[in-house]
Structure formats: C-alpha cells, structure tokens
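Asker: how would this look folded up:
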Amino acid sequence: MKSFPAIFVLFFSALVAGDCLAEDAFSWHGFLSQGISQSIDSDFIHEDDEISFDLTELGINMRYDMNASLAVVGQAVYLNGGNRYERGARIDYLFVDWRLPDMENWTANINLGRFKSPHWLYSATRDVPQTRSTIILPQSIYFDNFRDVALGSDGVLLQLYRSSDEGNLKINWSYGSSPMSSYQTKALLGEFAQGELKQDYAHQFSVFWQPPSLDWQLGASWLDSDFTYHPSANENLFEGGRTVRLYTLSAVYYAENWEFNAELQRNHSRDFGGYSPAFFDENKGEGGYAQIRYMLNSQFTLTLGYDMYVSDRNDRDGEKLEAATGGVIPAYFGYEKTATVGVQWDPRPNWRIQAEHHWVNGAGRLTSIPGPQNTPDTAEYWRMWAVQVMYWF
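Answerer: Numbers count the residues shown, from 1 in each chain. Below you'll find the model as predicted:
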C-alpha cells in the first residue's frame, strides 16, 4: 500500500495533467467528511466507551476517457473509522474500463486492474459516504473488518447489461484477489497473529432484474473464496486456511416518498489449522437486514432498519459455541442483532449531516473467527451512535 502523501501526489498529478487533456475526456470528483461516534459497552469503534473523532473519510476519484471505448478510472482515499477498519490511505480502485462493441440490446464492459465489486446493493458505493443509507452499514453483509477485501479485487470484472421493453437485466462476473494487510490478518485470527494471510482467489457472479417501471429490483449473487495462512517462526499459530461460500438475495422497492431495501445471505465456511494442526471448524451461517427510508421533504430523510446475523444456523443462540469452549467464548459471540434509527439532513446542495443510533444484542460480527485469542471486549447488550458531516464536489 502506498503512503498517504504518495497516493495523493499521484492523483493530484493526474488532476494537473488533466488540464492538458481534452476537457470532455477528463473528469474528477471528491468528498470530505468528518464525524464523531461512540460505542458503549463494546470496543467496536473505540475502547473504554470513549467518544471518538475517528470518523474521517477523504477521497478523490477521476476518470480519463482515452477514446470512446477505453478509459482509466481510479480513486484514492484516507479513512479513519476507529477499530472498524484499518486507518490510513489506500487506492480503493484503479482499473482500465473497456467497453465492448454493442450486441443487439446488450452492452458489455470489462474492467482490468483493481476493480469495484458490483455484486451487492452497496458493495460498489460503500466507499463514498453520501451514497450510504447509514454511516455504519448492516454488518451482517458489510462486515467493516473486511471492508477493503469486499470492496473489490485485483483481477477482471465483466458486466453485461440489457435494456428492453420487458425490463432491465444486469449480469456481473469477476475473478481476482485482494491483498491482505496485517490488520485484516489480526481481524480474522486475533491480535497475536504475526504471519501472512493470503486470499488465494475470489470468484463472484451476480444478476439483477428491474421491470420497465423501474420501481423495484431483485438480485442474486454467489461468492467462492479461499484464504491461506502462513505463520511466522515466532508465534504459536500453525499453517491453516479458510474457504468461504456466500449466497445473497436482494430486493429494492421505490415509491414516491419512501424506499425499502433488504438483503439476505447464507454462508458456508470451513476453517482448518491456525490455532492447532488438527483444528477444523465448519459453519453454515446466515444473516440479513431490512431497511425503510422515508423522505419527509427534499431535505430530510428518516431511516429505520433491523440487521441480524448468526454464525451457525444450528446454534442460533450460541450455546453450543460456549459449551465447546468451556465457557471461554460467551454464547453471544455466535450472533448479532441490531436495530437502527437514523436521519439525513441536506441543508445545501452537496452538503449532508447524518446521524444514527444502533442498539445491538450480541457480538457475532466483531470478529470473523471467535477464539480464545480473538474475543473483543464487549457486553452482550451494547449500543453505538454516530454523527457525520459530508461535503462532495
């Protein structure tokens, strides 16, 4: 990962170079946001119930059209979300967008490089604060610890789109992998992990359908991914890995003053090695959320949501997890249920103030693999709130 100054020198150089390009060939946009947040009785955002200003998102993105069918697209950001994800700068995406010749009613694009994932409702927009319905997205689907991994991959993405009198059909296929930082390694295996975690591949497919009225949409996606862990010589962990399969359904409905969206996901994971050479754990979990947004007027929007996740469908209350570990891991690490209330205020064009409160039961999404070395400090019932000011240009 490039350093913060290096990334923004790269992009501001591109902006300066853009002055020498045809005006209609080069475009750029950006966003600035700062907020305040607190997690109470949990270290999800910060330890010791501290009120934190670790809610910063700065980004700049650009597009250069080399010709009618070929473009370069990229975005650099600086993020600080407390314990939710790794603090610092990164290139969110940087790829070549190649539009293929049209085939009857079909259009097709191939992205090569670090592309953005289009496979879930918010997966391609979660990187831009003003496009999110809430500051903290539903963790059952948009697990913050793995934000950088889920946002996109280094590889190839194919997008097919067909518009007709019968409706709109979009098909996405992608194959690639994401680099794994030490932060994400510790999020998966625990803070004492010192080795190298590698995503071997991420293979994804999704399809979305909209009727001609455009007032609703249905979607389905599939993900297959493998991870491998290589320990260092100075730690107690062992060679290991994880396989993950995700199956997701989504639905959106738009009305004049309100909208409804929901996603449901089932996962099948296998973990082996890591904590011991003989360690093996297989889980079939599920989760999802439902959300209603009501537009009071052109400036104010209210949001109500409910989010649920269980790591094992055969152990919905986590009692088997607690029993299997002799009480070391509390039962509430096997699930997480969250109720959310939020409000958006757009006082002026390109400005937004967003506030929300979450009431949470459980800690199933504070860590990917609960273990004796990987149980964040949290109570069974906890809550969090956040307020964020956003500006985009």
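
Asker: contact partners for D377?
Answerer: D377 makes contact with 42-43, 47, according to CB atoms under 8 Å, 6 or more residues apart in numbering. (Each C-beta comes from the backbone N, C-alpha and C, glycine too.)

Asker: hang on, I meant M295
Answerer: The contact partners of M295, by CB under 8 Å, 6+ apart, come to 257-258, 301.

Asker: please apply the same query to L58.
Answerer: Residues counted as contacts of L58 (CB under 8 Å, 6+ apart) are 30-33, 77-79.

Asker: ok, back up a step: can you say which of the contacts of D377 are buried?
Answerer: By neighbour count, with 16 or more other CB atoms under 10 Å, the contacts of D377 hold 42-43 as buried.

Asker: single out whichever of the contacts of D377 has the smallest pLDDT.
Answerer: The lowest pLDDT within those belongs to E47, with 87.

Asker: and the closest residue to that residue other than its chain neighbours, how far from T325?
Answerer: Nearest residue to E47, sequence neighbours excluded (CB to CB, 6 or more residues apart in numbering): D377, at 7.3 Å. Using CB to CB, to the nearest Å, one obtains 17 Å as the distance from D377 to T325.

Asker: quick one, strands of the stretch 51-200 of the chain?
Answerer: Taking DSSP state E, counting those that start in this stretch, the strands of the stretch 51-200 of the chain run over residues 56-65, 70-80, 88-103, 106-116, 152-164, 167-177, 196-210.

Asker: packing partners of the longest one?
Answerer: It stands for strand 88-103. helix 4-18, strand 70-80, strand 106-116, helix 147-151, strand 152-164 (3 or more CB pairs under 8 Å, 6 or more residues apart in numbering; DSSP states H and E).

Asker: quick one: contacts of the second one?
Answerer: The set of residues external to strand 70-80 that reach it, using CB under 8 Å, 6+ apart, is 4, 7-8, 10-11, 14, 54-66, 85-99, 111, 127.

Asker: okay, angle between that strand and strand 88-103 too, please.
Answerer: Going by axes from the mean of the first three to the mean of the last three CA atoms, to 10 degrees, strand 70-80 is angled at 150 degrees with respect to strand 88-103.

Asker: same thing with the last one?
Answerer: Taking the same axes, to 10 degrees, one finds that strand 152-164 is oriented at 30 degrees with respect to strand 88-103.

Asker: could I get the average pLDDT for strand 152-164?
Answerer: Strand 152-164 shows a mean pLDDT of 96 in the predicted model.

Asker: next, the buried residues of it.
Answerer: For strand 152-164, burial by neighbour count (16+ other CB under 10 Å) applies to 152-155, 157-160, 162.

Asker: quick check: the farthest pair among those residues?
Answerer: Within these, D154 and R162 form the most distant pair, 28.0 Å apart (CB to CB).

Asker: related to what we said a few turns ago, buried ones among the contacts of strand 70-80?
Answerer: 7-8, 11, 14, 54-65, 85-86, 88-95, 97, 111, 127.

Asker: can you show me the helices along this structure?
Answerer: 4-18, 147-151, 182-189, 319-324 (DSSP state H).

Asker: what lies in contact with the last one?
Answerer: The one in question is helix 319-324. By CB under 8 Å, 6+ apart, the residues outside helix 319-324 that reach it are 311-312, 314-315, 329-331, 333-334, 370.

Asker: pLDDT of it, averaged?
Answerer: For helix 319-324, the per-residue pLDDT averages 92.

Asker: would you mark the buried spots in that helix?
Answerer: 321-322.

Asker: for the remainder of this discussion, apply numbering that starts at 526.
Answerer: Understood, numbering begins at 526; the last thing we discussed is helix 844-849.

Asker: got the contacts of L583 as TSV, with neighbour count columns?
Answerer: Below are the contacts of L583 laid out as TSV (neighbours: other CB atoms under 10 Å):
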residue	neighbour count
G555	18
F556	21
L557	15
S558	20
V602	22
Y603	16
L604	21
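
Asker: tell me the one of these nearest N875?
Answerer: Looking at these and their distance to N875, the nearest is F556, at 9.2 Å (CB to CB).

Asker: could you pull up the residues touching L739?
Answerer: Residues near L739 by CB under 8 Å, 6+ apart: 693, 779.

Asker: excluding chain neighbours, what is closest to A787?
Answerer: Among residues not flanking A787 along the chain, A815 sits closest, at 4.3 Å (CB to CB, 6+ apart).

Asker: per-residue confidence for that neighbour?
Answerer: Model confidence at A815 (pLDDT) stands at 98.

Asker: determine the number of other residues adjacent to it.
Answerer: Using other CB atoms under 10 Å, A815 is surrounded by 16 other residues.

Asker: sounds good, over and out.
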